[in-house]
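In: sequence first, predicted coordinates after that:
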Number of protein chains: 2
Amino acid sequence: MFSKACEYGIKATLFIAHRSEKNQRVSLKSITEAINSPEAFTAKILQKLARNKIVHSSKGPGGGFRIEKDEIDQITLSDIVIAIDGDQIYTSCGLGMEECSEEAPCPAHEKFKPIKESLRITLESTNLKELMEDINKGLTFLK
Amino acid sequence: MFSKACEYGIKATLFIAHRSEKNQRVSLKSITEAINSPEAFTAKILQKLARNKIVHSSKGPGGGFRIEKDEIDQITLSDIVIAIDGDQIYTSCGLGMEECSEEAPCPAHEKFKPIKESLRITLESTNLKELMEDINKGLTFLK
DNA sequence: CCAATAAAGGACAAAATTGTCCGAATAATA
DNA sequence: TATTATTCGGACAATTTTGTCCTTTATTGG
């Protein structure tokens, strides 16, 4: 469904949010340990998220990543996916046709439409806070 | 959503079904022209579909691909996707976690579940025949 | 049997994605 | 100011996916 980059990005963001709520910055290393991801690759993804202002980074000793506390319930899965993979997940044709549109649809267009729509709604309506709560309760896991 | 291989596979199968209904075999070349796909790559995909008995192939002059007429309404999008990409689209974790399960789910597990389920239902309940009908009516397009 | 036609399939090539390495930039602190 | 910790970012490498080429195999018809 998503690229590896996106998967790591979502998990990393969740972990950062989790710690940010306790006013802690997190280092790249602690992120990759928490989510079990390759370090340098994860660094690239975090750079992208930082450029998109989803996470905030600071260099130097004691530095690392964090998310503004009051943004944790504002950031959605959709924000992360779009920052990393772009919006093709919403816009691209299910059968890969360049010119697929309502006027000249691919054979599966109407079949895929409700699925893509419910995916969009789910991603846009799911924020970091609610996902974090289940992590805090030990109901869900990052690795 | 799907791999390129899968996208070509679905379109190729639809085109073959379309012609098979008129009792015509179709050559690789005519398929790639109809669906606008790379010839040799499409050949590999058709080989896979043939090994999975979704299409039937014959060599030599007048040869080509066809689908049994009475199977056109039995073959589903799910059959094609599974033949080409396997069943990971149903089974794999949305966040790429190896050990994601009901007992130890990833943070997005419950969010993705209904989407994956509706995708499964859609793919399993959509057969070639109904998709072909819209192609025949000029309502949908293969390229 | 021979020639022509078409798919099968192995080997290779290109492109995209994923992943690594390492020096530069930046910030804290002693 | 020197040292250390940390992200940034460029260059590269490995892997996977996509795509190509060419020989072999099978089938048909003359």
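Out: Thanks, I have the structure now. Only a predicted model underlies this, so the values are computations on that prediction, with no experimental measurement involved.
In: going forward, measure contacts between C-alpha atoms and count neighbours the same way
Out: Will do.
In: could you say which helix or strand holds residue A:33?
Out: Element membership for residue A:33 (DSSP states H and E) is helix A:28-35.
In: return the set of buried residues in that helix.
Out: Within helix A:28-35, the residues scored as buried using 16 or more other Cα atoms under 10 Å in any protein chain shown are A:28, A:31-32, A:34-35.
In: format these as TSV; extra columns: distance to residue A:21 and pLDDT.
Out: As requested, the buried residues of helix A:28-35 are exported to TSV (distance: Cα to Cα, whole Å; pLDDT from 0 to 100):
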residue	distance to residue A:21	pLDDT
A:28	17	98
A:31	15	98
A:32	19	98
A:34	16	98
A:35	18	98
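In: mind putting these into a markdown table with distance to DNA strand D?
Out: Output for those, formatted as a markdown table (distance: Cα to the nearest atom of the strand, whole Å):
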| residue | distance to DNA strand D |
| --- | --- |
| A:28 | 4 |
| A:31 | 8 |
| A:32 | 10 |
| A:34 | 13 |
| A:35 | 14 |
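In: picking that back up, packing partners for the helix holding residue A:33?
Out: Helices and strands touching helix A:28-35, by 3 or more Cα pairs under 8 Å, 6 or more residues apart in numbering or on different chains; DSSP states H and E, are helix A:4-20, helix A:39-51.
In: which of those sits most buried?
Out: helix A:4-20 (a mean of 23; mean count of other Cα atoms under 10 Å in any protein chain shown).
In: hmm, it touching DNA strand C?
Out: Yes - Helix A:4-20 lies within reach of DNA strand C by Cα under 7 Å from any atom of the strand, at A:4-5.
In: stretch A:65-75 now?
Out: No - using Cα under 7 Å from any atom of the strand, stretch A:65-75 stays clear of DNA strand C, with a minimum separation of 12.4 Å.
In: interface residues of chain A facing DNA strand C?
Out: Residues of chain A lying near DNA strand C (Cα under 7 Å from any atom of the strand): A:3-5, A:37-41, A:58-63.
In: now, which of those sits nearest chain B?
Out: residue A:4 (7.3 Å; Cα to the nearest Cα).
In: leaving out the residues flanking it, which one is nearest to that closest one?
Out: residue B:96 (7.3 Å; Cα to Cα, 6 or more residues apart in numbering or on different chains).
In: which SSE is the one you found in?
Out: With DSSP H and E as the criterion, residue B:96 is inside neither a helix nor a strand.
In: hang on, it packs against residue A:6?
Out: No - using Cα atoms under 8 Å, residue B:96 is not in contact with residue A:6; the gap is 9.7 Å.
In: what is the lowest-mean-pLDDT helix or strand in chain A packed up against?
Out: In chain A, no helix or strand scores lower on mean pLDDT, DSSP states H and E than helix A:88-91, which sits at a mean of 94. Packed against helix A:88-91 by the contact rule (3+ Cα pairs under 8 Å, 6+ apart) you find helix A:109-125.
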